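> curious how this folds, go ahead:
(chains A, B and C)
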Amino acid sequence: MKSFTDSSTGSESESKSQSIPETMERVTRRRMAANARERKRMQGLNTAFDCLRRVVPQWGQDKKLSKYETLQMALSYIMALSSILSEAEHYSTSQRDWCVQSEGYAFLACDSSADLEEFSYSAESY
DNA sequence: TAGGCCATCTGGTCCT
DNA sequence: AGGACCAGATGGCCTA
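Okay, here's the model as predicted:
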């Protein structure tokens, strides 16, 4: 694969031939800038994945979730939480003084990775 | 050693 | 024209 990361060779002789406006040097410079932007973009994406990993349940895994697993887990987690929320809303409309701090929902305030054994939704169920 | 995951490069497309 | 986004290709690293 041809790489533009090493631009040290050949650029000087090409810059002397000014008859061609779009020199190789110029193309190389543009490519390197695009590579740098892409790298930065992917780093931003990975930072976002790390943030997501921190808020998503890990199910006691010591190994870091892959990107695909992180997305799957986030999807399951969101589905489960919205299910709980709609259940709670349904319950609160019928019984106004319903206590949100009942045992079944206490885990919401927990550290995301711990104490989630009672959280009975699995990724396969969605 | 094969397979999974990832980072990077690259060219194409769309948008400003 | 240049930047953002995307998908394919490629090579490196790690683990079973």
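> buried set for the top helix by length along chain A?
Using DSSP state H, we find that the single longest helix of chain A is helix A:24-55. By 16 or more other Cβ atoms under 10 Å, the buried positions in helix A:24-55 come out as A:E25, A:T28, A:F49, A:L52, A:R53. (C-beta placed from N, C-alpha, C; glycine too.)
> those residues also near DNA strand C: which ones?
Among the buried residues of helix A:24-55, no residue lies close to DNA strand C (Cβ under 7 Å from any atom of the strand).
> lowest-confidence one in these?
Within the buried residues of helix A:24-55, the minimum per-residue pLDDT falls on A:E25 (82).
> ok, it to DNA strand B distance?
Going from A:E25 to DNA strand B by Cβ to the nearest atom of the strand, to the nearest Å gives 14 Å.
> do A:S94 as well
Noted for A:S94: a distance of 44 Å to DNA strand B, by Cβ to the nearest atom of the strand.
> confidence score at that residue?
Note for A:S94: predicted pLDDT of 73.
> and for the one 5 residues further on?
pLDDT, A:C99: 49.
> number of nearby residues for A:S92?
Summarising burial for A:S92: neighbours were counted as other Cβ atoms under 10 Å, giving 13.
> and the helix or strand hosting it, what does it pack onto?
Assigning secondary structure by DSSP states H and E places A:S92 in helix A:67-94. Helix A:67-94 is packed against helix A:24-55, with contacts defined by 3 or more Cβ pairs under 8 Å, 6 or more residues apart in numbering; DSSP states H and E.
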